[in-house]
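Peer 1: structure here, sequence nowhere to be found:
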């Protein structure tokens, strides 16, 4: 029944070791978003895709990249994770029209050793 | 610059009471105002949303009140239950082009005591 699925739910990586988080959706939505959420904070948008068009937030570090090979899947790559990148990473989707809600997955909790 | 200001940061309510969370926005181009509920270890879930052409929307125990002239909107939870204990985020977005991004408030941690 899950519509936005994130894998894995928990990811542990070493300082500086590249890591990839994945998101898939069964909603066939045009827009896919990646957010970073730290403890007791609001989600912070990193970037989003509208179909294949990539939109990066101005303050997203170069260390973060994303791929969307098809409508259903989107990946978040962290090239050289630092301790400050430990957070919950949330994927969301929407149809992209005015007033269309964003549907979130349950996130991947990333820990950096 | 925070474009959506949310208060209070935390709220404690007794079971059966009314929980009220307030948000104020600055950008008059915003045209969609959702509220999200987030439980620990889960992603935010859409609770209720409103467009600026109406002043109130009710869904069950949850009501959004919207004041366009004051650029404020609020969430009221009637008959609050312990199961409502969660973090609530207000948000705002504007349509147009492909830029359907949400601007979130900082969140309110609601605790409903039994």
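Peer 2: Yes, it's here. Note that the structure is a prediction, hence the values are computed from the model and not measured.
Peer 1: what helix or strand is the most centrally placed residue in chain A located in?
Peer 2: Per Cα atoms, centre = their mean, the C-alpha nearest to the average position across chain A is that of residue A:34, at 2.9 Å. In the assignment (DSSP states H and E), residue A:34 maps to strand A:31-37.
Peer 1: how far off centre is stretch B:81-97?
Peer 2: For stretch B:81-97, the gap between its own C-alpha mean and the chain's C-alpha mean amounts to 4 Å (Cα atoms, centre = their mean, to the nearest Å).
Peer 1: average pLDDT for the very next helix or strand once past the strand holding residue A:34?
Peer 2: Using DSSP H and E, the next helix or strand after strand A:31-37 towards the C-terminus is strand A:44-50. For strand A:44-50, mean pLDDT rounds to 94.
Peer 1: and strand A:44-50, does that touch chain B?
Peer 2: Yes. Interface with chain B: strand A:44-50 contributes A:45, A:48, A:50 (Cβ under 8 Å from any Cβ of the partner chain). (C-beta placed from N, C-alpha, C; glycine too.)
Peer 1: the helix or strand of chain B with the lowest mean pLDDT - contacts with which helices or strands?
Peer 2: For chain B, counting by mean pLDDT, DSSP states H and E, strand B:103-104 ranks last in confidence among helices and strands (a mean of 92). Counting contacts by 3 or more Cβ pairs under 8 Å, 6 or more residues apart in numbering or on different chains; DSSP states H and E, strand B:103-104 is packed against strand B:86-92.
Peer 1: does anything pack onto the strand it packs on? Which helices or strands?
Peer 2: Applying 3+ Cβ pairs under 8 Å, 6+ apart, one finds that strand B:86-92 contacts strand B:4-7, strand B:19-25, strand B:33-38, strand B:72-77, strand B:103-104, strand B:108-113.
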